[in-house]
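Novice: Sequence and predicted model, in that order:
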Amino acid sequence: MAGHEHIQTVGSKALQLAKLTGQSVKVPGGFVITSNALERFLEANDLRTPELIGDFESKLIEARLPEDVYDEVAASFESMRGQSASGMMAVAVRSSSSAEDLEEASFAGQYETILNVTDLTHLLNSLKRCWASLFSARVRDYAQQKNVSSDMGSFPMGVLVQQMVQADVSGVIFSLNPVTHNEDEIIINASYGLGEAIVSGLVTPDSYVIGKTDGHIEKELGLKEVKIVAADKGTVELTTTEEEQNRFCLSDEHVAELAEQTRKIEVFYGMPVDIEFAIKDGHIYILQARPVTT
């Protein structure tokens, strides 16, 4: 169980989600490829000194996985597929670094996430892309700005392979107002399709402000210009219809349910939280939850 592992082994994202699975919160199933697998991979391919190797990220992606790592990932993926009624399953492959929720510098959003991965070859390539992002110029520059080390030894990376929710609606939630810091307000931003449209800033989402004390809901309609949805492999960006743009993507019932889950998660953490969610066929799934970082 990842919830009992050390953060240096599985990373922050996987650890926080694993802890939530026992809290009556619906979290998509999956498995974690630990930071030890990355160490074994680098050692096997003589890639332990990235600063001395030109075009390091490309060399990492082209390198072969050690047989034991390959076998472990393949067996875990096959086990997930076996639990699906159809034997088919899409997954999201998410970097899970121990650096993502630092108080002085949150690396959340700096690393790679690959959505709608449908076969083992795509999964293994996605795994290496997540690992490569640990050594990217973007991560190095951000670490330098924040005066923290970007060395792999300081912040090792796990990779979370999580059952893909082909969301009708998705979004982000803050259990306090991130602008005014009002702790009595929950803020929800939501739009159609997968949450990457919001996270990457592609859309102006619908916005909801919910009072924790009285449950009052204030809404602001967003343009919701596009939506990202699953393709046969990977994702595709579609323009939303005029009808979709002109109505709120969340019902009041879903807003109230999301607010209730947010309060529950905030109590569990004992501090304000930042949540990513998806809704499919009316069911709410929590994809990520972490303490709010400044």
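Specialist: Perfect, I can see it now.

Novice: Give me the phi and psi for the nearest residue to residue 158 once chain neighbours are set aside.
Specialist: Closest residue to residue 158 apart from its sequence neighbours, by Cβ to Cβ, 6 or more residues apart in numbering: residue 11 at 3.8 Å. Where C-beta positions appear, they are placed from N, C-alpha and C, glycine not excepted. Main-chain torsions, residue 11, degrees, to the nearest 10: phi 90, psi 170.

Novice: Same question for residue 221.
Specialist: The phi/psi pair for residue 221 (degrees, to the nearest 10) is phi -70, psi 130.

Novice: give me every residue that touches it.
Specialist: When contacts are counted by Cβ atoms under 8 Å, 6 or more residues apart in numbering, residue 221 touches 206, 246, 248.

Novice: Repeat that for residue 133.
Specialist: 95, 110-112, 139.

Novice: Please tell me the pLDDT value assigned to it.
Specialist: Looking at residue 133, its pLDDT reads 88.

Novice: distance of the spatially closest residue to it that is not a sequence neighbour from residue 180?
Specialist: Spatial nearest neighbour of residue 133, excluding adjacent residues (Cβ to Cβ, 6+ apart): residue 112 at 3.8 Å. According to Cβ to Cβ, to the nearest Å, residue 112 and residue 180 sit 33 Å apart.

Novice: Those two: which is more packed in?
Specialist: residue 112 (18 against 9; other Cβ atoms under 10 Å).

Novice: quick one: that one and residue 97 touch, right?
Specialist: No - the pair residue 112 / residue 97 is not scored as a contact, 10.5 Å apart, by Cβ atoms under 8 Å.

Novice: Where does pLDDT dip in the stretch 151-294 of the chain?
Specialist: Scanning the stretch 151-294 of the chain for pLDDT under 70 picks out the ranges 151-155, 293-294.

Novice: residues contacting residue 216?
Specialist: When the contact criterion is Cβ under 8 Å, 6+ apart, the partners of residue 216 are residue 210.

Novice: Look up phi and psi at it.
Specialist: Main-chain torsions, residue 216, degrees, to the nearest 10: phi -60, psi 140.

Novice: Also residue 161?
Specialist: For residue 161, the backbone dihedrals (degrees, to the nearest 10) come out as phi -110, psi 110.

Novice: And for it, the neighbour number?
Specialist: For residue 161, the count of nearby residues is 25 (other Cβ under 10 Å).

Novice: same thing with residue 283?
Specialist: Neighbour count of residue 283, defined by other Cβ under 10 Å: 10.

Novice: Name the nearest residue to it, sequence neighbours excluded.
Specialist: Residue 283's closest residue in space is residue 26 (Cβ to Cβ, 6+ apart), at 6.8 Å.

Novice: State the pLDDT value of that neighbour.
Specialist: 92.

Novice: give the contact list for it.
Specialist: 283-286.

Novice: now with 10 Å?
Specialist: 20, 165, 261, 277-278, 283-286 (Cβ atoms under 10 Å, 6 or more residues apart in numbering).

Novice: Packing partners of the strand or helix carrying residue 13?
Specialist: Using DSSP states H and E, residue 13 maps to helix 12-20. For helix 12-20, the packing partners by 3 or more Cβ pairs under 10 Å, 6 or more residues apart in numbering; DSSP states H and E come out as helix 7-10, strand 30-33, strand 91-97, strand 157-163, helix 252-269, strand 273-280, strand 283-291.

Novice: Alright, I will stop here.
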